[in-house]
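K.L.:
okay, here's the prediction I keep looking at, along with the sequence it came from:
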Amino acid sequence: MEDKLINIAQGKQRHEMHASEAIFEQEMDKVFGRCWLFLTHESLIPNFGDYVVTRMGTDEVIVSRQRDGSIKAFLNTCRHRGAQLCPNEAGNARGFVCAYHGWAYGSNGDLQSVPFDEQLYDGLLDKCKNSLHEVAKIDSFYGFIYGCFDQDAPSLSDYLGDVKWYLEPYMDLSGGVELIGPPGRCLIAANWKTPSENFVGDAYHVGWTHSSALRSGGSIFSPLAGNSVLPPEGAGLQITSKHGSGLGVLWDAYAGVHDGELANELMAFGLAKEQRLIKEIGAERARIYRSHLNGTIFPNNSFLTCSGIFKAWQPRSANSTEVFSWVMVEKDMPSDLKEAFTKSVHRTFGVAGYWESDDNDNMESETYMAKGHQAKKKMLNSQMGISGDRIDPVLPGVVGKSAIGETSYRGYYRFYGDLMNSDSWAEVSAKGDNWQDQLIKATV
Amino acid sequence: MSEKTVKIKEPLVTKRAQDLQALFAQPASEETYHAVEKFLYKEARLLDSKMFRTWLQDVVAEDVRYIVTSTELRANNERRYDLPDQVYLFDDDFRQLSIRVEHDLDPQNWRSSPQEVYCRFVTNIEVFETDDPQEFTVRSNCLLIRSRRSYQTDQFFCTRVDVLRQDAGPSGFKLKSRTIDYPERCVSGHNMLVYL
Ligand code: FES
Ligand SMILES: [Fe+2]
């Protein structure tokens, strides 16, 4: 091997990470077994008994609203012989009954009844010891609910760290957002990290990969088509954080990828709200509200604010990922605008999204090429802007030198490398003590 | 959960399925049937041949509505959870379909070179009259096989419910609406950048 899996000092990663089943197995333990993973949004399970079934890594989980309003999550696995407990994607239920032998659980996960319990088990079945396997930690920010299998993980707020400052104006101070379901779902032949890294910080590909979408669609980004221009100096920002989450900002780009009359209506809506927010939260953060953010919450939860897509890239195997696509929209948007927006989000970034399909090809080919016996040993390059990363007096995180750079790739894989090389959260945290220096000192 | 008696409730029949059955009441004439069959085969040929602009011009009505939904999996007896259970993978008008077509044909659409190859099988065609003598409801099944690059073969399959309007143009009809509730919940074919 030329190098270790992740070379932080030079911003490089070994290509094998996109195709190796052995690395994938380790990731399920060290990444998905430890990190905060997106589950659902409060708007999708508003009432007691509401549930969704979703994925955490390769596991299915039931996420269920409790009587007291709190939320619990359980492996979707019967404690008896391990059959799938709930085959539905969403619903409202007081409990879940296994289809195999009929063990019945409450929505709080307790095993409540077992058919012919008294006659067959001679009092030897302790129901209290057979509750559903519960996900260790559940927490939420701005209505987005996350779960974590590792009791030792930092709080969700600490885990998100510096990215919160950027997310808050759109996701919270705006009056809040909701997710519109159900999600679109499709299976792509790509490693889960390939879309995650693209969303975390790839403004570079937009003008080239999406050339045809930019030209045909007529969004505010259209001048970039065919790389005919570079966004001007100061068009945006790129930042990364301690736990790998990162994002890019394109100033004032509220209409995102939307086109036609819808784009004009969105611009007007965003401008009016920005004017109001300037008085409430100041000009700087009001501007962030109306700016386009692309980002990934480490490890596999991506979004585009303003464009409105919200993704979970769920790992199925090293070279297969299930894509879940919801729409993220401001709660107070008028309902007809919300509906037009929702359809436009799926038209661009859904299962049949014409922007999405441009991207998927790249992700699938990165994954496919990583199987080559020689290619997999080679190092990939994420060095754009590598000597320009800095600490800013106002902007949180490690900040890249321009909107187009690979700062947030480097931050994403810095943290990924720490997870893969550590045996506990204590070790991960210790390795990340000087995370800013590690990134700022990196150089070719 | 503790009672031993199981109450069997009538499974909910979706309103959607009932609505559709009402559309299939009055079969159209043999003559109309054959004209519609020819229309659908022509459409399949144009799409298989990637003649998307001709498809728009000769087959698709300017007031078209083209819908593909995907329906969330819920229990048959679900009654209380009332959030929408459908996502619109497509809900396109003529302008939006045109954007997709120009996107596909753009010389800088990297995924279109080398070209994908399509083969459509259109079957189970049934044609019904509507309240409007110029318009017909057409139910058909479509199997679309896509071959892509060296190793990828994808299958898409669905039932289509169309409204066709008689037209003086070269195809005899125009597609006024197409409605598909896509059967596969998690689409296995990588994406749905195809016309079904
Ligand atoms: S496996 Fe679930 S009741 Fe037996
Ligand atoms: Fe992209």
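P.N.:
Yep, that arrived. Numbers count the residues shown, from 1 in each chain, chains lettered A, B, ... in the order given. Ligands and ions are numbered 1, 2, ... in the order given.
K.L.:
so where is chain B shaky, pLDDT-wise?
P.N.:
Counting by pLDDT under 70, the ranges of chain B that qualify are B:1-18.
K.L.:
ok, is the longest helix anywhere in it in contact with chain A or not?
P.N.:
Ranked by number of residues, the top helix in chain B under DSSP state H is helix B:30-48. No - Helix B:30-48 is not in contact with chain A by CB under 8 Å from any CB of the partner chain; minimum separation 14.8 Å. The C-beta positions use only the backbone N, C-alpha and C, and glycine is treated the same way.
K.L.:
how many neighbours does A:K242 have?
P.N.:
A:K242 has 25 neighbours, counted by other CB atoms under 10 Å in any protein chain shown.
K.L.:
hmm, I typed the wrong one, I wanted A:S408.
P.N.:
31.
K.L.:
any idea how far A:R316 is from it?
P.N.:
A:S408 is 25 Å from A:R316, where distance means CB to CB, to the nearest Å.
K.L.:
still on that earlier bit, okay, buried residues for the longest helix of chain B please.
P.N.:
B:T32, B:Y33, B:A35, B:V36, B:F39, B:L40, B:K42, B:E43, B:A44, B:L46, B:L47 (16 or more other CB atoms under 10 Å in any protein chain shown).
K.L.:
ok, so of the residues you listed, who is nearest chain A?
P.N.:
Chain A has its nearest neighbour among those in B:L47, at 14.8 Å by CB to the nearest CB.
K.L.:
contacts only, for the closest one.
P.N.:
Under the criterion of CB atoms under 8 Å, 6 or more residues apart in numbering or on different chains, the neighbours of B:L47 are B:W55, B:Y118, B:R120, B:Y195.
K.L.:
gap between A:E178 and chain B?
P.N.:
11 Å (CB to the nearest CB, to the nearest Å).
K.L.:
surely that residue meets A:M333?
P.N.:
No - at 9.7 Å, A:E178 does not count as touching A:M333 under the criterion of CB atoms under 8 Å.
K.L.:
and the two? Which one has more around it.
P.N.:
Ranked by neighbour count (other CB under 10 Å), A:E178 and A:M333 place A:M333 first, with 23 against 19.
K.L.:
mind listing the residues bridging to the residue nearest the centre of chain A?
P.N.:
Centroid-nearest residue in chain A: A:N301, 0.7 Å away (criterion: CA atoms, centre = their mean). Here A:N301 sits in beta bridges with A:I297, A:A312, going by DSSP bridges.
K.L.:
who's in contact with it?
P.N.:
A:N301 makes contact with A:L37, A:F38, A:K311, A:A312, A:W313 under the criterion CB under 8 Å, 6+ apart.
K.L.:
what ranges does chain A have for its helices?
P.N.:
Using DSSP H, helices in chain A cover A:21-30, A:117-121, A:156-160, A:164-168, A:193-201, A:206-209, A:211-217, A:260-281, A:283-289, A:335-349, A:354-369, A:407-420, A:425-431, A:435-440.
K.L.:
what mean pLDDT does the fifth one have?
P.N.:
Mean pLDDT, taken over the full extent of helix A:193-201, equals 97.
K.L.:
which bits of chain A sit near ligand 1?
P.N.:
Residues of chain A found near ligand 1, taking CB under 6 Å from any ligand atom as the criterion, are A:C78, A:H80, A:R81, A:A83, A:C98, A:Y100, A:H101, A:G102, A:W103.
K.L.:
and the buried ones among the residues you listed, selectable in ChimeraX?
P.N.:
In ChimeraX, a selection of the buried entries from the residues of chain A next to ligand 1 looks like this (16+ other CB under 10 Å):
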select /A:78,98,103
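K.L.:
tell me which two of the residues of chain A next to ligand 1 sit farthest apart.
P.N.:
With distances taken as CB to CB, the most widely separated pair in the residues of chain A next to ligand 1 is A:R81 and A:G102, at 11.9 Å.
K.L.:
of the contacts of B:L47, which is the most crowded?
P.N.:
B:Y195 (27 neighbours).
K.L.:
identify the residue spatially nearest to it, adjacent ones excluded.
P.N.:
In space, and not counting its chain neighbours, B:Y195 is closest to B:L47: 5.4 Å by CB to CB, 6 or more residues apart in numbering or on different chains.
K.L.:
quickly list what A:Q238 is bridged to.
P.N.:
Assigned bridge partners for A:Q238, using DSSP bridges, are A:G248.
K.L.:
what about A:I62, how many residues close to it?
P.N.:
Count around A:I62 with other CB under 10 Å applied: 24.
K.L.:
OK, contacts around it?
P.N.:
Contact analysis of A:I62 by CB under 8 Å, 6+ apart lists A:Y51, A:V52, A:V53, A:A73, A:F74, A:L75, A:N76, A:L85, A:C86, A:F96, A:L132.
K.L.:
for A:P87, same thing?
P.N.:
A:A99, B:L73.
K.L.:
so, low pLDDT: which residues of chain A?
P.N.:
Low-confidence segments of chain A, defined by pLDDT under 70: A:1-3.
K.L.:
residue most distant from the centroid, it?
P.N.:
Farthest-from-centroid check, chain A (CA atoms, centre = their mean): A:Q119, 48.5 Å.
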